[in-house]
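1. sharing a model that was predicted from the sequence below.
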There are 2 protein chains.
Amino acid sequence: MCPLVPYDDNYWMRHALQEARLAYEEGEVPIGAVIVANNKLIAQAHNQVERLNDPTAHAELLAITAATEALGGKYLTDCTLYVTLEPCAMCIGALRWAQIGQIVFGASDSKGGYQRWAPSVPHPKTTIKSGVMAEESTQLLTSFFQERR
Amino acid sequence: MCPLVPYDDNYWMRHALQEARLAYEEGEVPIGAVIVANNKLIAQAHNQVERLNDPTAHAELLAITAATEALGGKYLTDCTLYVTLEPCAMCIGALRWAQIGQIVFGASDSKGGYQRWAPSVPHPKTTIKSGVMAEESTQLLTSFFQERR
């Protein structure tokens, strides 16, 4: 019997949350993402919109670009993206183009999330799981915006 | 009386079409985009999905990144994007984040365009015009895909 389950969803979401914390420290809206293939981390990124002055520099887009670079192909069919917040319309569109195998996100985003704006965009072969360590993600976002009020 | 109207929509769309032709020559799906501010070209790009192995490397996203870099800010409120094909869900999401002032596109894309997948995503302050030199854009796409059959 092995008591360890090192590579469950919480394990990888903790990596994504660590990326979100890096964003926080840099004054960026704290959202982080990692991409995993065969239980290996192949990409990690956090929101860099402010630093790059680039509205497309969301954690998910940066992670997709890094993952396809790592794999040498434009599809991520055997990969899982872990992201701390529900993806927006732009990012879910990108994840569709990448044909990502699975998306696991933390907190839902009723204001800007794809479920409100682009609910039919996810690729039909992509499985989606939500609510993984959502509270940690929400806490980080809440304290970020409270500090800036 | 001045008989010249050099900076009308067709003028800039010809630049976008020229970018689409560059994509064609590189074996990329021929889609091009330019971004214009105060009658000046500030960004030009074409689809580079194959060359970069990156499903996010659409002409619009590359143009947004170049334009925000050129302007030193993350918003494009006083800019117009000219793109040869109707943007997809990913790109319209990016254009919303950029708060682009105007979008002018050529051919409609009933299969993959935002009007089908994400019709409410455009920023409420963005004006959108379609059908500018649509025939030239469609011809380029049609001959590209015919060659590859």
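-> Looks like it arrived, so ask away.

2. neighbours around the nearest residue to residue A:96 once chain neighbours are set aside, how many?
-> Nearest residue to residue A:96 in three dimensions, chain neighbours excluded: residue A:123, at 4.5 Å (C-beta to C-beta, 6 or more residues apart in numbering or on different chains). No exception for glycine: its C-beta is placed from N, CA and C like everyone else's. If you count neighbours by other C-beta atoms under 10 Å in any protein chain shown, residue A:123 ends up with 17.

3. SS state for residue A:123?
-> coil (DSSP: H, G, I helix; E, B strand; the rest coil).

4. which parts of whichever helix in chain A runs longest are buried?
-> Ordering each helix of chain A by length in residues (DSSP state H) puts helix A:9-25 first. Neighbour-count burial for helix A:9-25 flags A:9, A:12, A:13, A:15, A:16, A:17, A:19, A:20, A:21, A:22, A:23, A:24 (criterion: 16 or more other C-beta atoms under 10 Å in any protein chain shown).

5. let me see the mean pLDDT of that helix.
-> Averaging pLDDT along helix A:9-25 gives 98.

6. and for stretch A:39-53?
-> Rounded mean pLDDT across stretch A:39-53 is 97.

7. so what touches that stretch?
-> Stretch A:39-53 is contacted by residues A:7, A:12, A:15-16, A:19-20, A:22-23, A:26-36, A:54-55, A:57-60, A:62-64, A:66-67, A:70-71, A:79, B:68-69, B:72-74 when judged by C-beta atoms under 8 Å, 6 or more residues apart in numbering or on different chains.

8. end to end, how far does that stretch reach?
-> 33 Å (C-alpha to C-alpha, to the nearest Å).

9. how about the residues of chain A that lie near chain B?
-> Selection of chain A residues close to chain B by C-beta under 8 Å from any C-beta of the partner chain yields A:49-50, A:53-56, A:61, A:64-65, A:68-69, A:72-75, A:88-94, A:96-98, A:117-118, A:120-121.

10. can you redo the buried residues of helix A:9-25 as CSV with distance to residue A:104?
-> Formatted as CSV, the buried residues of helix A:9-25 follow (distance: C-beta to C-beta, whole Å):
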residue, distance to residue A:104
A:9, 5
A:12, 7
A:13, 7
A:15, 12
A:16, 9
A:17, 12
A:19, 14
A:20, 14
A:21, 18
A:22, 19
A:23, 18
A:24, 21
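
11. let me know the closest of these to chain B.
-> Of all the buried residues of helix A:9-25, chain B sits closest to residue A:23, with 15.1 Å by C-beta to the nearest C-beta.

12. about what we covered before: pull out the buried residues from the residues of chain A next to chain B.
-> Neighbour counting over the residues of chain A next to chain B (16+ other C-beta under 10 Å) leaves A:49, A:53-56, A:61, A:64-65, A:68, A:74, A:88-94, A:96-98, A:117-118, A:121 as the buried ones.

13. could I get the full set of helices for chain A?
-> A:9-25, A:49-52, A:59-71, A:89-97, A:114-117, A:134-147.

14. distance to residue A:43 for those - can I get that in a markdown table?
-> Shown next, in a markdown table, are the helices of chain A (distance: least, C-beta to C-beta, whole Å):
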| stretch | distance to residue A:43 |
| --- | --- |
| helix A:9-25 | 10 |
| helix A:49-52 | 17 |
| helix A:59-71 | 4 |
| helix A:89-97 | 13 |
| helix A:114-117 | 20 |
| helix A:134-147 | 19 |
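
15. residue B:113 is nearest to which of the ones you listed?
-> Closest approach to residue B:113 among those is made by helix A:89-97 (11.4 Å; C-beta to C-beta).

16. counting contacts, what elements does the closest one pack onto?
-> Secondary-structure packing of helix A:89-97 (3 or more C-beta pairs under 8 Å, 6 or more residues apart in numbering or on different chains; DSSP states H and E): helix A:59-71, helix A:114-117, helix B:89-97.

17. quick check: residue A:43 vs chain B, distance?
-> Distance, residue A:43 to chain B, by C-beta to the nearest C-beta, to the nearest Å: 12 Å.

18. report how many residues lie close to that residue.
-> By other C-beta under 10 Å, the residues close to residue A:43 number 22.

19. that one bridge partners, please.
-> Residue A:43 has these beta-bridge partners by DSSP bridges: residue A:35.
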